[in-house]
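In: sequence and predicted structure below; questions after.
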Amino acid sequence: MTAQRPADFADLRTLAVRCLKDRVDAAGQDIAAPAHPGLAERIAAFRQKPHPAEAAMIGFANRLGLENFELLSFALCLAVEDDPLAARMMARAQDPVGGSRPVVGLMSTLFREFGATPLALAHGALVAQRILAIGEERVALPERTMILAPGLAAALSGHFLPPPGVMPFPSPDIPLPEAHLAVIDEALQKAEAERGTHLIVIRSMSDGDGAAIVGIVAQKLGCRPVALESERLAANAAWLMAANALPVIRSEAGPGERIRLPDFMPYRGPVLLCAGMEGRVQSSAPSHEIRCLTPNEDARMALWLAHGAAPESAAKAAAAYRQGPSRIAELARASAVGSAGENGWAQLTRTVRTSRSELDGFARRSFAEVERGELILPTEALAELDMLVARIRQRNRLAEQLGPGVARRYSPGVRALFSGESGTGKTLAAHWLSAQSGLPLYRVDQAVLTSKWIGETEKNLSAVLDAAQNADVLLFFDEADALFGARTDVSDAHDRHANAQTNYLLQRIEDYEGVVIMATNSRERFDPAFVRRIDCIVPFPMPDAAARLRLWQLHLSERHGIAHTELGEIAAHVELSGGHVRNIVLAAAVRAKLRDRPIMIEDISEAVREEYAKLGRPPPEFAR
């Protein structure tokens, strides 16, 4: 057999296949002696300057520190998966023992001069790094098959074929503020010093913001992001490195909880963890954190402009709404932000109030157009509401030109407490406040929020507040004393947990940078420490006779058959709040419809008796 010079081989796969061909041509003769003088030197040259088509494969092998016999075995396995002629040649070389995939014995024979033996192949880096798998045939080790995963073969041939359980990670291409990019660059610079596996934890209040950060990180690293469970990372380590894929894990935790990550070996490289704002990460890998919060007003204006908003609308939106990059991108797509003037701004405000957000899974959006005249409240309460609107509108720049005692610790969050009996207008005022501020109103469903399991209520509230802060909404807690009530004396473990939960809720509300309205029937049920954290307390007293007359007039309009003196008598004797007045008018309207006439005094009288019966109280004298 004529030996071929090393320079005649253009790439490593051709060299490995030639070794196989020599085996076939030898027709069973012993070719254990070196078939190609200078082979070791040629392999070293390929390692230093690979053929462009094999750059991924050799770079991958060098990264894992494969020995020469392992590199040749790897190249041959890749060749038979990719080249039909090489596969047929392999079948001929192994006939009748094996098929078109190499067996351990043949591989050790071909590359014996580099130290290949059946045990070295079966227990070396190729198998340990899960690049090759040894078949489970019930035969001796030399006759068992060496298998290269199809996804790995595709990756090294330039094709992206994720294995089961690994999916492309959707990362939206949206602009991020310069401050966010600076935080990302700083974290990546710190991570560059890590040679092995290292973790980059992404902290953001929105899944959309987190996904956008993943996209930027992947772009800067020159990788393609993929999503997978942490338990699958080690099993897919070879494919991840061969495909130059960036593994992304989603795992959020609540307050005080831990995210425990398994050992990622044999994977080597960066791992991204989208972890939310709460919880601690426990991992054996070195970690670095990217924490991106709500951008400031100037950054928000730049984002609106980047999405094509007219300068005037961009300035108004940046001042009125404290939203994150992904939320701004959503709203810009959903509204005609490029329209100038009042039409563009009006369209944008409508979109903000009506579009869905991540908060929809936790709270119910509430729509109701409420005019100022519908708020039947004392002058003092109306003045407090006006001040609350001003506080919301000025929250972004309120600390400017104030002393360091305020400016250094200032938070743009606004917390208000509406206190009064049921039906006195607290929810109505919240809707009016939503209209005046331009913020969509979300009512928190406490049945969804609270849990009997320790830590779950805090986790749910944290998720609600993060989503609400990112979307910038008006968050409304009805009967808030159920959540934020006063702490009690400790007599058992349940009391300790309840007090710890209250402590967390108080602190979390204080740190919240959005607008939150809490309504209660009894201010006395609140912890004194909580009251100190409230920016505005608006009393909603029971209406007096004059206010009740206005409520009756507001609910009845002009189309009724009740005399003015009769209406005055009703207002004087029916000492109920506006919510009850509404119930009575609706019940009276049903009776009037059945009688095919306007609402009369007898309809009101019957409805009053029913409403008092629901309350377990005797009706006033005129309705008996």
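Out: Looks like it arrived, so ask away. Residues are numbered from 1 along each chain as shown.
In: show me where the protein dips below the pLDDT cut-off.
Out: Scanning the chain for pLDDT under 70 picks out the ranges 1-9, 27-37, 336-343, 447-448, 450-455, 485-501, 624.
In: look up how far residue 471 lies from the residue nearest in space to the middle of it.
Out: Nearest residue to the geometric centre of the chain (CA atoms, centre = their mean): residue 207, 2.3 Å. According to CB to CB, to the nearest Å, residue 207 stands 12 Å off from residue 471. All C-beta spots, glycine's among them, are computed from the backbone N, C-alpha and C.
In: what about the closest residue to residue 311 other than its chain neighbours, helix or strand, and which?
Out: Residue nearest to residue 311 in three dimensions, not counting chain neighbours: residue 305, with 6.9 Å by CB to CB, 6 or more residues apart in numbering. Assigned by DSSP states H and E, residue 305 belongs to helix 297-306.
In: packing partners of that helix?
Out: Judged by 3 or more CB pairs under 8 Å, 6 or more residues apart in numbering; DSSP states H and E, helix 297-306 is in contact with helix 178-191, helix 311-320, helix 325-334.
In: please work out which of these is packed deepest.
Out: Scoring these by mean neighbour count under mean count of other CB atoms under 10 Å gives helix 325-334 as the most buried, with a mean of 22.
In: what's downstream of that one, the next helix or strand?
Out: Next along the chain after helix 325-334, with elements defined by DSSP H and E, is helix 341-354.
In: buried residues, that following helix. List them.
Out: Within helix 341-354, the residues scored as buried using 16 or more other CB atoms under 10 Å are 344, 345, 347, 348, 349, 351, 352, 353.
In: for stretch 414-430, same thing?
Out: So for stretch 414-430, counting by 16+ other CB under 10 Å, buried means 414-421, 423-430.
In: neighbours of the residue nearest to residue 311, how many?
Out: Residue 305 has 17 neighbours, counted by other CB atoms under 10 Å.
In: for residue 152, see how far away it is.
Out: In terms of CB to CB, residue 305 sits 45 Å off from residue 152.
In: residue 95 too?
Out: For residue 95, the distance to residue 152 - CB to CB - is 27 Å.
In: neighbour count winner among the two?
Out: Comparing residue 95 with residue 152 by other CB under 10 Å, the one with more neighbours is residue 152, at 27 against 10.
In: which residues touch that one?
Out: For residue 152, the contact set (CB atoms under 8 Å, 6 or more residues apart in numbering) comprises 131, 238, 239, 242.
In: widest-spaced pair of those residues?
Out: By the measure CB to CB, 131 and 239 form the most distant pair in the contacts of residue 152, at 9.3 Å.
In: and stretch 421-430, how far out from the chain middle?
Out: In terms of CA atoms, centre = their mean, to the nearest Å, the centre of stretch 421-430 is found 34 Å from the chain centre.
In: residue numbering should commence at 33 henceforth.
Out: Noted, 33 is the first residue going forward, which turns the last one into stretch 453-462.
In: and the end-to-end length of that stretch?
Out: 15 Å (CA to CA, to the nearest Å).
In: what distance do you get for residue 365 to residue 475?
Out: 26 Å.
In: residue 420: how many residues sit nearby?
Out: Here the number of neighbours of residue 420 (other CB under 10 Å) works out to 22.
In: hmm, back to that, the more surrounded of residue 163 and residue 271?
Out: Per other CB under 10 Å, whichever of residue 163 and residue 271 has more neighbours is residue 163, with 29 against 25.
In: do you know how far the more buried one is from residue 131?
Out: 20 Å.
In: thought the residue nearest to the centre of the chain was touching residue 389?
Out: No. Contact criterion CB atoms under 8 Å: residue 239 and residue 389 do not qualify, at 10.9 Å.
In: still on that earlier bit, out of the buried residues of helix 373-386, which is nearest to residue 232?
Out: The closest of those, once distances to residue 232 are taken by CB to CB, is residue 384, at 32.5 Å.
In: that closest one contacts residue 363, correct?
Out: Yes. At 6.1 Å, residue 384 and residue 363 qualify as touching, with contact defined as CB under 8 Å.
In: if we can go back for a sec, can you flag which of the contacts of residue 184 belong to strands?
Out: Assignment to strands by DSSP state E places none of the contacts of residue 184 there.
In: redo those residues as TSV? Include distance to residue 580.
Out: Output for those, formatted as TSV (distance: CB to CB, whole Å):
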residue	distance to residue 580
163	82
270	77
271	73
274	77
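In: give me the residues contacting stretch 626-642.
Out: Residues contacting stretch 626-642 (CB under 8 Å, 6+ apart): 588, 591-595, 598, 602, 606, 615-617, 619-621, 623-624, 651-652, 654-656.
In: switch the cut-off to 10 Å
Out: If you take CB atoms under 10 Å, 6 or more residues apart in numbering as the criterion, stretch 626-642 is touched by 584, 588-595, 598-599, 601-602, 605-606, 608, 612-613, 615-625, 650-652, 654-656.
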